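[1] Below: sequence and its predicted model.
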Amino acid sequence: MTAPRFDRPRFEADPLNLFVVVETGDHHATILDGDRFERLARFPTRFALHGGPKFTPDGRYVYFASRDGWISKYDLWSLKLLTEVRAGINTRNAAVSSDGRYVIVGNYLPHTVAILDARDLVPLKLIEAKDEKGSSSRVSAVYDAAPRKSFVVALKDVPELWEISYDDNAAPIYAGLVHDYRLGEGAAIPGKLNPRRTRLDEVLDDFFFDPSYANLIGAARRESGDAGGGQVVNLDVRRRIARLDLPGMPHLASGISWRWQGRTVMVTPNLKEGVLSVIETGDWKIVKQIPTLGPGFFMRSHENSRYAFVDSMMSAAKDTLQVIDKATLERVAELRPAPGKTLAHVEFTRDGRYALASLWEEDGAIIVFDAQTLKEVKRIPMRKPVGKYNVWNKISRSEGTSH
């Protein structure tokens, strides 16, 4: 389908302060004005969206990935669905290149990475997820590393990490450097849209980047239910440079970073234990373990806010958001606006003035808090809303949101 010829949004709201809200209760999405907190549109989505919607660099288009492999492109200016394609059977997530040209899709089934043309979702390339020996693997995550002009791919079943450049001037990949079983001695393949392999000692299937995007922190989710600690991988030298003694199962993909006492720290919630791990980048030491009320899934902040918010949605305290002072690294407040009901996934407005949380129930709501006073401002009824994603915070790679 050809994109409508709109040269401006069809509404008066700030197009960069919109929220895309995923409502899992009846498989819909809402486009929410982040200034007035009013709906601009609500439309059906594919079944069980996963991995969060991803935006083009200008914030105009958003892409959704469903668990059953459908990739959908939606125009936030015209408020219309444009096109869809099926890129897998069991899909983990998708990412959009920082130049807006490509969409990458990671699949559990089949074991593939699909690369699509972002304009019309026409498939450009399908890469089998196999290690150097030909062993097949599920793809557990794909993310855009914008400063590097590349995608980074995590493999769930083999100890390799891939970096796929979309830079037109990417250097060739040589067999001796990438340990690629498909290449003969001295052979080379183009550096663009081909995986550059990093060998690891153990599987890494969940990670997040430091602010430079040169390093990533990752962990493997073992069958035993823990993550077996963490590892730091440098994408330039393509090897592990540090180990981290992380408890339980850190949810690294939801980690965020901020400046603390002149240093950058990265903080991650935990899916198995009631703790936030505060990690100093550079020496990769654990600065502090902040106790929480129970295991949590999401953590969010904003560069203009003194606070970070974390849930404990996998515990008896599922109805309570905890507020962390980013200067003191202490838990300073608890928000419990709907006792007994699940409260999760905070996202901030573009300016950081308001924090929106999901009341994750069939008769749920988006609850808007003043991010300074922590008082409730508004409640917007929705059907089991889970994630909400602010256009500006995502395309500007705000330090308070996952990337």
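    Cool, the structure landed. Remember, it's a predicted structure, so these values are computed and weren't measured experimentally. Residues are numbered from 1 along each chain as shown.

[2] who's in contact with Phe43?
    Counting by Cβ atoms under 8 Å, 6 or more residues apart in numbering, Phe43 makes contact with 28-29, 74, 79, 81. (Each C-beta comes from the backbone N, C-alpha and C, glycine too.)

[3] change it to 7 Å
    In this structure, Phe43 makes contact with 28-29, 81, judged by Cβ atoms under 7 Å, 6 or more residues apart in numbering.

[4] which regions of the stretch 301-403 of the chain lie under the pLDDT threshold?
    Counting by pLDDT under 70, the stretch 301-403 of the chain shows no low-confidence range.

[5] Break down it into its helices, ranges please.
    391-395 (DSSP state H, counting those that start in this stretch).

[6] distance between stretch 230-246 and the chain's centre?
    Using Cα atoms, centre = their mean, to the nearest Å, the mean C-alpha position of stretch 230-246 is found 20 Å from that of the whole chain.

[7] how about the helices in the chain?
    Along the chain, the segments classed as helices by DSSP state H run 175-178, 391-395.

[8] Flag the helix or strand of this protein with the lowest per-element mean pLDDT.
    Comparing every helix and strand of the chain by mean pLDDT, DSSP states H and E singles out helix 175-178 as the least confident one, with a mean of 59.

[9] neighbours around the closest residue to Gly387 other than its chain neighbours, how many?
    Nearest residue to Gly387, sequence neighbours excluded (Cβ to Cβ, 6 or more residues apart in numbering): Val22, at 4.9 Å. By other Cβ atoms under 10 Å, 24 other residues sit near Val22.

[10] Give me the distance between Val22 and Asp14.
    Using Cβ to Cβ, to the nearest Å, one gets 21 Å for the distance from Val22 to Asp14.

[11] Equivalent analysis for Ile189, please.
    From Ile189 to Asp14 the distance is 44 Å (Cβ to Cβ).

[12] Kindly report the same for Gly69.
    Per Cβ to Cβ, Gly69 is found 33 Å from Asp14.

[13] Help me confirm that the residue nearest to Gly387 comes into contact with Leu49.
    Yes: between Val22 and Leu49 there is a contact at 5.3 Å, judged by Cβ atoms under 7 Å.

[14] So what pairs up with the residue nearest to Gly387 in the strands?
    Taking DSSP bridges as the rule, Val22 bridges to Ala29.

[15] can you pull the contacts of it?
    29, 49, 385-387.

[16] Looking at those, which one is closest to Val62?
    For the contacts of Val22, the closest approach to Val62 (Cβ to Cβ) belongs to Ala29, at 8.8 Å.

[17] Wait, that closest one touches Val20, no?
    Yes: counting by Cβ under 7 Å, Ala29 touches Val20, with 6.1 Å between them.

[18] ok, back up a step: please report which of the contacts of Val22 has the highest neighbour count.
    Compared across the contacts of Val22, Pro385 has the highest neighbour count, 29 neighbours, by other Cβ under 10 Å.

[19] Need the nearest residue in space to that one, chain neighbours excluded.
    In space, Pro385 is closest to Ser358, 4.6 Å off (Cβ to Cβ, 6+ apart).

[20] Report the separation between the one you found and Ser305.
    Distance of Ser358 to Ser305, given as Cβ to Cβ: 18 Å.

[21] residues touching the closest residue to Arg46 other than its chain neighbours, list them.
    Nearest residue to Arg46 in three dimensions, chain neighbours excluded: Ser66, at 3.7 Å (Cβ to Cβ, 6+ apart). The contact partners of Ser66, by Cβ under 7 Å, 6+ apart, come to 46-50, 91.

[22] just to revisit the earlier point, tell me which of Ser358 and Ser305 has more neighbours.
    Relative neighbour count places Ser358 above the other of Ser358 and Ser305, with 28 against 21, counting by other Cβ under 10 Å.

[23] ok, the more buried one touching Ala365?
    No: in this structure, Ser358 is not within contact of Ala365 by Cβ under 7 Å, at 8.1 Å.

[24] Any chance of a markdown table for the contacts of Phe43, columns distance to Asp325?
    Converted to a markdown table, the contacts of Phe43 look like this (distance: Cβ to Cβ, whole Å):
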| residue | distance to Asp325 |
| --- | --- |
| His28 | 36 |
| Ala29 | 33 |
| Leu81 | 42 |
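
[25] Tell me the one of these nearest Val310?
    Ala29 (24.7 Å).

[26] For that closest one, list the residues it contacts.
    20-23, 43, 45.

[27] could the residues you listed be laid out in JSON lines, adding pLDDT and distance to Arg196?
    Formatted as JSON lines, the contacts of Ala29 follow (pLDDT from 0 to 100; distance: Cβ to Cβ, whole Å):
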{"residue": "Val20", "pLDDT": "98", "distance to Arg196": "32"}
{"residue": "Val21", "pLDDT": "98", "distance to Arg196": "36"}
{"residue": "Val22", "pLDDT": "97", "distance to Arg196": "33"}
{"residue": "Glu23", "pLDDT": "97", "distance to Arg196": "39"}
{"residue": "Phe43", "pLDDT": "98", "distance to Arg196": "39"}
{"residue": "Thr45", "pLDDT": "97", "distance to Arg196": "34"}
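
[28] Contact partners for Glu362?
    Residues in contact with Glu362 (Cβ under 7 Å, 6+ apart) are 25, 383-384.

[29] do the same with Asn93
    50-51, 65, 106, 141-142.

[30] again, 8 Å this time
    Contact analysis of Asn93 by Cβ under 8 Å, 6+ apart lists 50-52, 65, 105-106, 141-142.

[31] which of those residues are buried?
    50-52, 65, 105-106, 141-142 (16 or more other Cβ atoms under 10 Å).

[32] From those, pick the one nearest Ala333.
    Nearest to Ala333 among the buried ones among the contacts of Asn93: Gly52, at 26.4 Å, using Cβ to Cβ.
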